[in-house]
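[1] structure for this input, please:
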Amino acid sequence: MADPSNTLSDRNLEASTTLSLKREPACFAFLCSRAVSAPLPVDAINLDLASVDYFSGRASLWATLEVRSGATNEQPTAVLGFDETFLRPFTRALIEAAASRNPYRMTIMLEPGETARQRVVEYVTGPGTALREVILTPHDTVIVISGRADDNADEETLFQLPRSDSFLRAFVKMTCQADQALRETLVESERLARQRAIQAS
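    Numbering: from 1, shown residues only. Reported below is the predicted structural model:
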């Protein structure tokens with residue numbers, strides 16, 4: 001049996017972050033490039049913790065934003081994947097776009113030496129396209145989330161989120177709780193890495 005002090009505790013974000021959109025303005029996910037298939041109605045969203053790693057002296061994690069639809073029997077479909085640095089600025093950008101009614105552009109910055117590291121990807125146009133920019137465009141009842149892979153690429157519409165006060169309050173509460181859980185997971189991962197290094201020495 002594994003030593004419980006040497007394993008990460010379960011972080012079931014899916015169970016604690018699911019938000020129903022059934023009482024909100026209709027939203028859709030555009031799960032293909034160039035509108036080959038019909039948009040998917042979104043009935044709920046949730047976050048999921050996909051992986052936790054410790055590599056090159058640092059802990060990192062990967063989470064996903066998933067959509068669920070009655071059209072696919074409520075099966076989760078990931079639309080965005082991101083590391084631990086994304087959730088706070090994305091939530092801030094969503095609120096600012098909703099409040100100002102102006103498009104908000106998030107540039108995905110890479111630190112020196114991180115050119116090979118993916119920080120935000122979209123799963124709409126393929127198995128995982130790294131994004132350099134996320135664009136949030138407010139409309140009367142929804143906010144459209146789009147992405148751009150590089151400076152010369154076209155914007156791809158990815159999905160929509162409601163712009164209602166009730167959704168925005170719930171989303172901020174959900175992301176604050178999820179961000180805290182993710183940061184606790186990073187701290188725990190670093191503690192385990194140090195513990196294993198001591199045991200191996």
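
[2] remind me, longest helix of this protein?
    The single longest helix within the chain, with elements called by DSSP state H, is helix 165-200.

[3] quick one: residues contacting the nearest residue to Asp179 once chain neighbours are set aside.
    Nearest non-adjacent residue to Asp179, counting by CB to CB, 6 or more residues apart in numbering: Leu87, 4.9 Å away. Yep, even glycine has a C-beta here, placed from its N, CA and C like the rest. For Leu87, the contact set (CB atoms under 8 Å, 6 or more residues apart in numbering) comprises Leu47, Ala63, Thr175, Ala178, Asp179, Leu182.

[4] just the pLDDT at Leu87, thanks.
    pLDDT recorded at Leu87 is 94.

[5] what does the one 5 residues further on give?
    According to the prediction, Arg92 has pLDDT 96.

[6] separation between it and Leu136?
    10 Å (CB to CB, to the nearest Å).

[7] those two: which is more packed in?
    Leu136 (21 against 14; other CB atoms under 10 Å).

[8] which pLDDT value goes with that one?
    98.

[9] okay, and it sits in which element?
    strand 133-138 (DSSP states H and E).

[10] ok, now Ser146?
    strand 142-148.

[11] other SSEs contacting the helix or strand just after that strand?
    Once the chain leaves strand 142-148, the next helix or strand it forms, by DSSP H and E, is strand 156-162. Here strand 156-162 touches strand 28-29, strand 77-82, strand 142-148, helix 165-200, going by 3 or more CB pairs under 8 Å, 6 or more residues apart in numbering; DSSP states H and E.
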